[in-house]
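A.B. asks: Return atomic coordinates for the entry below.
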Amino acid sequence: MTPTLGIFGWIIIGGLAGWIGSKITSRDASMGVFANIIVGIIGGLIGGWLLSLFGVDVAGGGFFFSFLTCLLGAVVLLWIVNMVAGRRP
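C.D. replies: Purely as a prediction, here's the structure:
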């Protein structure tokens, strides 16, 4: 049984995933620490939903899998924001 991540774990993972996602999508000019955390946490929800569509069990993942899930969702979220804002990714 793997230990679950607490709120601080999700904040750390969300912040890292949001920051790396903003670097990947070239969106870091206007994002701060708080925005990175929010993007990463929302990205975790989006990434978990996307992976569950493909039949991947996201509940049993550890720290690294959770980070990759948040990163996937953060990149998708920032890509959508860039498209809506009229910026190229």
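A.B. asks: Low-confidence stretches in this protein?
C.D. replies: For the chain, the stretches with pLDDT under 70 are 1-5, 27-30, 87-89.
A.B. asks: Which single helix of it contains the most residues?
C.D. replies: Ranked by residue count and defined by DSSP state H, the top helix of the chain is helix 63-85.
A.B. asks: those strands in the protein, which residues are they?
C.D. replies: Applying DSSP state E to the chain gives no strands.
A.B. asks: Helices along that one, start to end?
C.D. replies: Taking DSSP H, the helices of the chain run over residues 7-24, 33-53, 63-85.
A.B. asks: Just send the ones you listed back as a markdown table, with mean neighbour count too.
C.D. replies: Bear in mind the C-beta positions are built from the backbone N, C-alpha and C, glycine included. Converted to a markdown table, the helices of the chain look like this (neighbours: other C-beta atoms under 10 Å):
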| stretch | mean neighbour count |
| --- | --- |
| helix 7-24 | 18 |
| helix 33-53 | 18 |
| helix 63-85 | 18 |
